[in-house]
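A.B. asks: Mind looking at a prediction? Sequence and model below.
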Amino acid sequence: MLNRTADNVARATPEPLARKVRGISDKGLAWLFISPTILLLLAINIFPLFWAIYLSFTNFRANRPNEVVKNLGFANYRRILGDQDIWIAMQTTAHFVFWTILLQTLIGFTLAWLIDRKFRGHAFWTTLILVPMMLSPAVVGNFWRFLYEPQIGLFSYVISFVSGIPPTSIQMLSNVSLAPWSIIIVDTWMWTPYVMLICLAGLRSIPEYIYEAAEVDRASNWRQFWSITLPMALPFIMLAVLFRGIENFKMFDMVNLLTGGGPGSTTEVASITLKRQAFESWRTGYSSAFAIILFVAVFGLANIYVKALNKVKQR
Amino acid sequence: MKSSLKLALGLTSAITASTAASNAAHAEDLTLCWAAWDPANALVELSKDFTKETGIGMKFEFVPWTNYADRFLNELNSHGKLCDLIIGDSQWIGGAAENGHYVKLNDFFDKEKISMDDFVPATVVGYSEWPKNTPNYWALPAMGDVVGWTYRKDWFSKPELQKEFKEKYGWDLGPPATFDQLKQIAEFFQKRQIDGKTVYGASIYTERGSEGITMGAMDVLYSYGFQYENPKKPYEMEGFVNSEKSAKGLEFYKALYDCCTPPGASNSYMGEGVDAFKSGQVAMHMNFAFTWPGLQKDENVGGDKIGYFVNPKGPDGDQFAQLGGQGISVVSYSDKQESALKYIKWFANKDVQAKWWSLGGYSCLNAVVKDPKFPSSQPYAQAFLDSMAIVKDFWAEPSYAPLLQASQKRFHDYVVAGQGSAKDALDGLVKDWTQVFQDDGKM
């Protein structure tokens, strides 16, 4: 009786698809399907990475294809780590990352908190706030370059109107002190909505009954914010910081369009230096070593941060 | 059914045949690569005659100046076949020759009896020779160019301004002969109201990204005594690049930037300069001579309103100007080198060169520029001739790119960002350039 049931079950089970294809197992078919993706990944991600690691130990220059490529050992790495200009570029990058993250987090979270109040027309305001994020960085860069124009720019005019300083004296992109801030302002304008969206998701994930319990306990609004809202939204805020941190460490387009790294080298972030070394000076081996250093730095910092994020989530 | 099939087959054959014929007709089309600018448009017009004469069609690949070097150096480095002919920048000649990108033209010149003695000497050295000052030719001088100045003749000739200027500076307002005079004029016009508009002294090169500030600063530094290297010992730069005179020249350039340029002009090159002059913002304008035909024709600032002058003299009376311009070369990876050489032969012809000048290109052929009628042929012709007689060029070494990047950084850091002193900037430049030549094994 038992045997008959087992036979019936076996007969009722459809033959796996793979067995219909002669000579290919289930596992084989699975590999067949994912192999194009793996090959593509190897070709465009993994191979260039290993190739860059190899080049970083050589004196290869892309504009000298006929030259003999010499193995330099760690000479490129030593030269980069001893180069004062590279350290200045790293400091500039750190300055941008710090201020953009600070401003974007503060403003983004505040906006999310306000939008979460669900006042009349909040959907309209949410959409409006998201507009800068939807624009192309090339458009934003050119748009703000005109706004910052000291003779015809609206930004200079508004600041002049408020402060009484002549607009032609407000040279956001030419002034050494103001140029870094001109980029921080634009990046904050463009990417605060992104932080706001993530924070909003965090705020909306807090169950309503927790606030109701706090109300019963007569907790003040400030107490509710400090003890419920902020801790529960913290993993989301940290996630936004992680994303923006990685993005801003690589910041290129905005700086390139607004100041090109100038005036002088005031706004020359690491990515601009890398581009100059790789595609203007054609020091391919040297720039590969710099790219690897940057990669390791971002990867290492992001890993430490993710561990901290996980601890916060587990609390 | 059969007749339909025949019709279909007939149509297919006809289409195939016509496509094949069209391909055959265009099989020898040449592609010429250059920057996208006014002279390129003139060359398109000129090249129609070549097609008429030879039946060889011409296609053009023009790239904006901002991407010109990136695009075409990538093309050459990757041994691309896009360009049969290329009008490459003067600094590329060393690298292009050493890396085998260009066809060496000596045998061709000998065979076709094209003599480099027939061309303006500075353009032969600048655009054709590698190593410099040796008879090894990699290009035919194609587009002569040099940094010079335009000025608002109409403003300069206003009687009230002339009077005020004379009272203030003690000499007649006119095209400056020295850099000191140039600065006095620039200061005089800075923030002055003319025709109800605030105007500024001068537009100069300050661009950081490609080569702008180097071309501008060098234009001044040469006349102040800057030298690239010890004439007796190649690559010895200490005391030449960073001499006291060079530092004075760089200080002057910074002073000119600080006192007399329009607000926000911290990243100006050719296009921004033309815009500043055309929009009536500045009294004087530093730019390559190729911009002059366009400005001369401009309704607002051209005609009688514009004047031209040669780069002024330095404090010791030295007078030099930064060389621009390019030579035309045959790309060694091209499959159509014979046709490309035919184009060069045609282009070297005197009548073609004369037409080239009349269309807005700048001929380098002696027969054209030394023609007695040449100086009066255009209002800017004499200034061009005088400027070409005093040219100097940037390093044309195969490593010109890192050399240029170093000067861009050092000059911009000092002139625009105001960091350190002129001496610091030039000392740093010696250090950077030494490193480049050491990497190349030349020091």
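C.D. replies: Yep, that arrived. Note that the coordinates shown come from a computational prediction; the quantities given were computed from them, not determined experimentally.
A.B. asks: Rounded mean pLDDT for stretch B:126-141, please.
C.D. replies: Average pLDDT, stretch B:126-141: 95.
A.B. asks: Can you name the residues in contact with it?
C.D. replies: B:88, B:90, B:93-94, B:96-98, B:102-106, B:109, B:114, B:116, B:119-120, B:123-125, B:142, B:323, B:325-329, B:344, B:347-348, B:364-365, B:391, B:393, B:396 (C-beta atoms under 8 Å, 6 or more residues apart in numbering or on different chains). Yep, even glycine has a C-beta here, placed from its N, CA and C like the rest.
A.B. asks: and the residues you listed near chain A, which?
C.D. replies: B:E98 (C-beta under 8 Å from any C-beta of the partner chain).
A.B. asks: from memory B:N311 sits against B:A321, does it?
C.D. replies: Yes. Proximity of B:N311 to B:A321 meets the contact threshold set by C-beta atoms under 8 Å, at 4.0 Å.
A.B. asks: State the phi and psi torsions of the residue of the stretch 201-350 of chain B found nearest chain A.
C.D. replies: Proximity of the stretch 201-350 of chain B to chain A (C-beta to the nearest C-beta) peaks at B:S266, 3.6 Å away. The phi/psi pair for B:S266 (degrees, to the nearest 10) reads phi -90, psi 0.
A.B. asks: Please tell me how far it sits from B:S203.
C.D. replies: 12 Å (C-beta to C-beta, to the nearest Å).
A.B. asks: Assign A:R218 to helix, strand or coil.
C.D. replies: coil (DSSP: H, G, I helix; E, B strand; the rest coil).
A.B. asks: What sits closest to the residue of the stretch 51-200 of chain A found nearest chain B if chain neighbours are left out?
C.D. replies: Closest contact between the stretch 51-200 of chain A and chain B, by C-beta to the nearest C-beta, is at A:S174 (3.6 Å). Sequence neighbours aside, B:S266 is the residue nearest to A:S174 in space, at 3.6 Å (criterion: C-beta to C-beta, 6 or more residues apart in numbering or on different chains).
A.B. asks: Which residues of the stretch 151-300 of chain A lie near chain B?
C.D. replies: A:151, A:168-169, A:171, A:173-174, A:176, A:259-266, A:276, A:279-283.
A.B. asks: Any of those buried? List them.
C.D. replies: Among these, the ones that count as buried by 16 or more other C-beta atoms under 10 Å in any protein chain shown are A:151, A:168, A:171, A:173-174, A:176, A:259-266, A:276, A:279-283.
A.B. asks: Which of the contacts of stretch B:126-141 are buried, as a PyMOL select command?
C.D. replies: A single PyMOL command selects the buried members of the contacts of stretch B:126-141 (16+ other C-beta under 10 Å):
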select buried, chain B and resi 88+90+93+94+96+97+98+102+103+104+105+109+114+116+119+120+123+124+125+142+323+325+326+327+328+329+344+347+348+364+365+391+393+396
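A.B. asks: Just the contacts of stretch B:126-141: which are in strands?
C.D. replies: B:88, B:142, B:326-329, B:391 (DSSP state E).
A.B. asks: Pull the most distant pair out of those residues.
C.D. replies: Across these, the longest distance by C-beta to C-beta is 19.9 Å; it joins B:S329 and B:V391.
A.B. asks: Next, the buried residues of the strand or helix carrying A:T188.
C.D. replies: A:T188 belongs to helix A:179-204 when assigned by DSSP states H and E. For helix A:179-204, burial by neighbour count (16+ other C-beta under 10 Å) applies to A:179-180, A:182-200, A:202-203.
A.B. asks: cool, stretch B:368-379 as well?
C.D. replies: So for stretch B:368-379, counting by 16+ other C-beta under 10 Å, buried means B:368-369, B:374-375, B:378-379.
A.B. asks: Next step: those residues restricted to helices.
C.D. replies: Taking DSSP state H, the ones among the buried residues of stretch B:368-379 that sit in helices are B:368-369, B:374-375.
A.B. asks: out of these, who's nearest B:K442?
C.D. replies: B:V369 (35.1 Å).
A.B. asks: residues in contact with that closest one?
C.D. replies: B:120, B:144, B:357, B:363, B:385, B:388.
A.B. asks: For those, give me TSV that also has pLDDT.
C.D. replies: Listed next are these as TSV, based on pLDDT from 0 to 100:
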residue	pLDDT
B:V120	93
B:G144	95
B:W357	95
B:S363	95
B:L385	95
B:M388	94
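A.B. asks: Export these to CSV and append columns for distance to A:G108.
C.D. replies: Output for those, formatted as CSV (distance: C-beta to C-beta, whole Å):
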residue, distance to A:G108
B:V120, 62
B:G144, 57
B:W357, 61
B:S363, 61
B:L385, 62
B:M388, 59
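A.B. asks: Out of those residues, who's the most crowded?
C.D. replies: Top of these by neighbour number is B:G144, holding 30 neighbours under the definition other C-beta atoms under 10 Å in any protein chain shown.
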